[in-house]
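Colleague: Show me the folded form of this:
(one chain, ligands or ions: 1)
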Amino acid sequence: MSRAFSNAALAHTFTGAVGNTPLIYLKRLSEKTGYHIYGKSELQNPGGSVKDRAALGLIQDAEAKGMIKPGGTIVEGTAGNTGIGLAHVCRARGYNCVIYMPNTQSQEKIDLLRMLGADVRPVPAVAYENPDNYNHQAKRFAESTDNAFWTNQFDNTANAHAHYVTTGPEIWEQTAGDLDAFICSTGTGGTLAGVGKYLKEKSNGKVQVWLADPPGSVLTSYYESGGKLVERTGSSITEGIGQGRITDNLATFVKKLDGAFTVPDEKSIAMVYELLDSEGLYLGVSSALNVVAAVELAEKLGKGSKVATILCDGAYRYQSRLFSKKWLASKDLDKVIPPHLMKYAVL
Ligand code: PMP
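Modeller: Sure, this is the predicted structure:
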């Protein structure tokens, strides 16, 4: 580092500090594989994840449309990062924040949301089709409360738009447009659709855009079957990604995808450890899945290809699992981590 302070713009409050994250060249991995792999370091957002952008975009859009007034209440159904992003934005902008979440979530996430001033309402974890699903409860509460707004991250396309106007342009500028492909996994689909649309437009379709799925998600089979939705089966250790339906955020983009494939948990967890050891990056499993997928896509595209993906969040919110030998063994995943990397499993 050449000087004590960077020349980055002065940020005003939390909301001014969202975005403009570094694009990290994964040097050791790129050298080892012969491809050029880039990770957008979304863990460096002030709330710690890629979802800060969506949270801010959803609230700014509601403000611009006059749907939320000073002192109002933001309501969302979320199991994690979106709620944390919303709770930060609500504190910074003076809104109340009500979060409905399935009662299966970790105590750490509930504690963090409450420390950020959110009114957390754990509800039984029932399927989306059930009217008592946490999303539907959030919607009902907002509808019956004065000056309340349900941000509706899955189907409110202000989510994908936030990525279209920030994440996409940042990646384009950071690579000077010299990129063959972009790939990432999806929860709401906001990141993939927003970034994908921007990169396709800017490159006149030259940049390929692919979707990476965890096990138990139906999006790969939807893509491969030309649009057939199957029942969700199977599960994954990943959190925040995988989907059983086509959200409105994804619907606008799904036909433009160049491909989709699934990454098994074994490869994703091994990559969590590899990225820590070789790049010094402490990342959650969805980031690791994205990096595995970026390398596999680069293999398909050929020697020297340049692929970018998203490093969605850090491992901090999951460390009691990811770095616990006992937890790894309980999921039959201890054997998939190379023995020399097991030294990182210190919990
Ligand atoms: N990774 C993590 C850890 C997440 O929490 C999420 C959002 N649920 C995603 C990836 C996917 O982002 P998106 O909702 O934009 O598809």
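Colleague: give the contact list for Val209.
Modeller: Under the criterion of Cβ atoms under 8 Å, 6 or more residues apart in numbering, the contact list for Val209 reads Ala181, Phe182, Ile183, Leu192, Val195, Gly196, Leu199, Lys200, Phe253, Lys256, Leu257, Asp258. Using the backbone N, CA and C atoms, a C-beta is placed for each residue, glycine as well.
Colleague: Apart from its neighbours in sequence, what residue is nearest it?
Modeller: Gly196 (3.8 Å; Cβ to Cβ, 6 or more residues apart in numbering).
Colleague: From the chain's centroid, how far away is the strand or helix carrying that neighbour?
Modeller: Using DSSP states H and E, Gly196 sits in helix 190-202. Averaged C-alpha coordinates place helix 190-202 at 14 Å from its chain's average position (Cα atoms, centre = their mean, to the nearest Å).
Colleague: Then stretch 87-106?
Modeller: With Cα atoms, centre = their mean, you get 17 Å for stretch 87-106.
Colleague: Any idea how far apart the tips of that stretch sit?
Modeller: End-to-end distance of stretch 87-106 (Cα to Cα, to the nearest Å): 17 Å.
Colleague: can you tell me if it touches the ligand.
Modeller: No. Residues of stretch 87-106 are not located near the ligand by Cβ under 6 Å from any ligand atom, the shortest gap being 11.9 Å.
Colleague: all strands in the stretch 1-150 of the chain, in order from the N-terminus.
Modeller: For the stretch 1-150 of the chain, applying DSSP state E, counting those that start in this stretch gives strands covering 23-25, 36-41, 73-77, 96-102, 119-123, 148-150.
Colleague: for the top helix by length along the chain, what is the average pLDDT?
Modeller: Scanning the chain for the longest helix, with DSSP state H as the assignment, gives helix 285-301. Taken as a whole, helix 285-301 has a mean pLDDT of 98.
Colleague: Could you look up the next helix or strand downstream of it?
Modeller: Downstream of helix 285-301, the first helix or strand assigned by DSSP H and E is strand 306-311.
Colleague: ok, and for the following helix or strand past that following strand, which residues are buried?
Modeller: Next helix or strand after strand 306-311 toward the C-terminus (DSSP H and E): helix 319-322. Across helix 319-322, burial judged by 16 or more other Cβ atoms under 10 Å covers Arg321, Leu322.
Colleague: how about helix 319-322, does it reach the ligand?
Modeller: No. Counting by Cβ under 6 Å from any ligand atom, the ligand is not contacted by helix 319-322; separation bottoms out at 12.2 Å.
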